[in-house]
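Q: Fold the stuff below for me.
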Amino acid sequence: YQVANGGWAGAFDFENLARFAAAGNFAGTFGILAFLAFFLAFAIKVPMFPFHTWLPDAHVEAPTAGSVILAAILLKLGGYGLIRFAIQLFPEAAHQLAPLIIALSLIGIVYGAIVALIQPDLKKLVAYSSVSHMAFVTLGIFVFNEQGLQGAILQMVNHGLITGALFLLVGVIYERTHDRTIAKMGGLASVTPVYAAAFGFFAFASAGLPGLSGFVGEFLVLVGTFAYSPLAAGIAAVVMVLGAAYLLWMFQRLFTGEVSEFLRGLGDHLSDLRPVEALTLVPLATLVLIFGLFPGLLLDLVNGSVADALRGFGGATAIHLNGDPLFSTRLFETEFFDLERIEVLRGPQGTLYGKNTTGGAINFITNKPEFKTSASIKVGVGDYGRQEAEGTYNTVLIPDKLAMRVAATYTKVNGFIHNVLPGHP
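A: Take a look at the predicted model:
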C-alpha cells in the first residue's frame, strides 16, 4: 500500500484498504499468507473445526453469565471478522481457499452434532451444539452468494439468542442441583413444569423448528450452499436431523419419565422458575418468535452490508440506455475483467409463447488478452434456454424469474443476469 500510494496516508482507513484490495493489489502469495493470518485468528474465535477444542472447556469452567456472554456475543466477533476483514481485504485468496474452508465447515457441522449426541454433561452438550451451529456461519460466508451470507448473519443473531437462553436455563438447574449430569435429571417436567416448557421452547428453536428463528438462518445457508454445491448442501441438511436427535434425546432424558432418585433427594431445593428468571427469558423468547415469523426485519437491515461484503465477488452494476434502466448485471470476480467500457445494444421485440419478448446484448470490452476483443452476454425475455460459446454467453430469461445463472466457458467468469427490462418488473 505504501509503495503504491507513495506514503502511509489512509493506510488505517478500512474503506481505502477495501478499495485497494478490490483492485487486486493484495493478490498472489502475499494475499494468501495475509488471508491465512486473518482467517486463523477469526477461525479460532468462531470457533471452527479443528480450532474448537478450547470452547467446551471454557463453557464448562465459566459461570453462567460468562457462558451467556461467550455464546451470545464473543463468538460472533469471529464471524464478523471473517465477513468484514478477511474476505473483503483478500477476496482472491478467500475465493481460492473457499473449498477447503467449506470442507472444514461441513466437518465441524457433522462433528459438533455427533459429539453433542454422546455428551453426559448438559453444559458440554450445549457447547458442542455451538460448534455445529457456528460452522453453519462459516459455511454461509464462504459460498459467496447473497442467501448464504444473509443466512450466516442471521445464524449469528439467532445462535446468540437461542444458545444464550439455553445456557441461562442450564445455569438455573445447576444453581438448584449443583450438578449437570443428564442421567441424574430424569422426570424434571413433573417437578418444574414451567422450566420444562421454557427449555423445550429453546431446544426446538435450536433444532430449527419452522416458525422460530433458528430455522431461518440455517435454511438460507442451505439455499446458498445448494447454489454452490448440492452435495455440500445435502451433507449439511442431514445434520439437521442429527441436531434434532441430540436435542430431543437430551430433552427426553431430562424431563420425561419418573422423577430420579437424585432429584427426589433435593426436596424443596428443587423449585420451578422464579419470576425474575422467567422475565430474563421472555425477551429472548419474544425475539426468537418474531425473527422466526418476520425474518425480513433482520434481512432488511443487513442487505446493504451483504452487498458490500460480496462486492469483490460480484458487485451489482446497473446499466442505463438513454436514461432508462435496461439490464442490471452481477458478475463475480469483476476484477478479472479489467473492463474498459460497457456497450448496451437493444434487440428486436416480438412475442414468444404469447409473451412479449425483448432481446439485447451487453458487451463487456476488456483489456484482458484471454477475452480477445470482448465478452458478451446476450439476453432475451421469454423462452427458457441456454447456449455457451467462447467469449459469448447466450441466455434467455423467464419474465417471472428474478435471475438465472449464466454458465461460463472461462472458469473465472461466473455470474448472474438480473431481468429488469421495461415491462417486466
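Q: Quick check: phi and psi on residue 180?
A: Residue 180 adopts backbone torsions of phi -120, psi 10, taken as degrees, to the nearest 10.
Q: wait, residue 7
A: Residue 7 adopts backbone torsions of phi 170, psi 180, taken as degrees, to the nearest 10.
Q: any idea how far it lies from residue 1?
A: From residue 7 across to residue 1, the span is 9 Å (C-beta to C-beta, to the nearest Å). All C-beta atoms are positioned from the backbone trio N, CA, C, and that covers glycine.
Q: More neighbours: the two, which one.
A: Comparing residue 7 with residue 1 by other C-beta atoms under 10 Å, the one with more neighbours is residue 1, at 15 against 9.
Q: My guess is the more buried one contacts residue 17. True?
A: Yes - counting by C-beta atoms under 8 Å, residue 17 is a contact partner of residue 1 at 7.1 Å.
Q: okay, and the common contacts of the two?
A: Common contacts of residue 1 and residue 17 (C-beta atoms under 8 Å, 6 or more residues apart in numbering): residue 11.
Q: Can you give the distance of the longest helix belonging to the chain from its chain's centre?
A: If you go by DSSP state H, the chain has its longest helix at helix 146-177. How far helix 146-177 lies from its chain's middle: 15 Å, per C-alpha atoms, centre = their mean, to the nearest Å.
Q: What distance do you get for the most centrally placed residue in the chain to residue 226?
A: Against the mean C-alpha coordinate of the chain, by C-alpha atoms, centre = their mean, the closest residue is residue 152 at 1.8 Å. Remark: distance between residue 152 and residue 226 (C-beta to C-beta) = 15 Å.
Q: for the stretch 251-400 of the chain, what are the low-confidence residue spans?
A: 312-400 (pLDDT under 70).
Q: ok, now with 50
A: Applying pLDDT under 50 to the stretch 251-400 of the chain flags the ranges 314-365, 369-400.
Q: ok, back up a step: quick one, what contacts the residue nearest to the centre of the chain?
A: 79, 83, 136-141, 217, 221.
Q: again, but for residue 99
A: By C-beta under 8 Å, 6+ apart, residue 99 has no neighbours at all.
Q: Can you tell me the SS state at it?
A: Assigned with DSSP: H, G, I helix; E, B strand; the rest coil, residue 99 falls in the helix class.
Q: Also residue 257?
A: Here residue 257 is coil, with the state taken from three-state DSSP.
Q: So which residues of the stretch 151-300 of the chain form helices?
A: 188-191, 193-206, 213-228, 230-255, 261-264, 275-293, 296-309 (DSSP state H, counting those that start in this stretch).
Q: Which one, of those, ends up nearest to residue 49?
A: Nearest to residue 49 among the helices of the stretch 151-300 of the chain is helix 230-255 (12.7 Å), distances taken as C-beta to C-beta.
Q: Return the list of helices and strands in contact with the closest one.
A: Using 3 or more C-beta pairs under 8 Å, 6 or more residues apart in numbering; DSSP states H and E, the elements in contact with helix 230-255 are helix 91-117, helix 122-142, helix 188-191, helix 193-206, helix 213-228.
Q: Adding mean pLDDT and distance to residue 259, write these out as TSV.
A: Converted to TSV, those look like this (pLDDT from 0 to 100; distance: least, C-beta to C-beta, whole Å):
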stretch	mean pLDDT	distance to residue 259
helix 91-117	91	25
helix 122-142	93	17
helix 188-191	90	6
helix 193-206	94	12
helix 213-228	91	30
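Q: and these as CSV, adding distance to residue 27?
A: Output for the helices and strands packed on helix 230-255, formatted as CSV (distance: least, C-beta to C-beta, whole Å):
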stretch, distance to residue 27
helix 91-117, 5
helix 122-142, 18
helix 188-191, 57
helix 193-206, 40
helix 213-228, 22
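Q: Quick check: which of those helices is buried the most?
A: For the helices and strands packed on helix 230-255, the largest average neighbour count (mean count of other C-beta atoms under 10 Å) is found in helix 122-142, namely a mean of 27.
Q: and the angle from that helix to helix 230-255?
A: Relative orientation of helix 122-142 and helix 230-255, computed by axes from the mean of the first three to the mean of the last three C-alpha atoms, to 10 degrees: 160 degrees.
Q: Tabulate the CA atom coordinates of helix 122-142 in CSV.
A: C-alpha atoms of helix 122-142 as CSV (Å, rounded to 0.1, in the frame of the first residue of the first chain):
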residue,chain,number,x,y,z
LEU,A,122,-25.7,-30.8,29.9
LYS,A,123,-23.5,-27.8,29.5
LYS,A,124,-21.0,-29.6,27.3
LEU,A,125,-23.8,-30.7,25.1
VAL,A,126,-24.9,-27.1,24.5
ALA,A,127,-21.3,-26.1,24.0
TYR,A,128,-20.7,-28.7,21.3
SER,A,129,-24.0,-27.7,19.7
SER,A,130,-22.5,-24.3,19.3
VAL,A,131,-19.6,-25.8,17.4
SER,A,132,-22.1,-27.3,14.9
HIS,A,133,-24.3,-24.2,14.7
MET,A,134,-21.4,-21.8,14.2
ALA,A,135,-20.0,-24.0,11.4
PHE,A,136,-23.1,-23.0,9.5
VAL,A,137,-22.0,-19.5,9.8
THR,A,138,-18.6,-20.1,8.1
LEU,A,139,-20.3,-22.3,5.5
GLY,A,140,-22.7,-19.5,4.6
ILE,A,141,-19.9,-16.9,4.4
PHE,A,142,-17.6,-18.9,2.1
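Q: Report the mean confidence score over the longest helix of the chain.
A: Average pLDDT, helix 146-177: 92.
Q: How about stretch 17-24?
A: Averaging pLDDT along stretch 17-24 gives 76.
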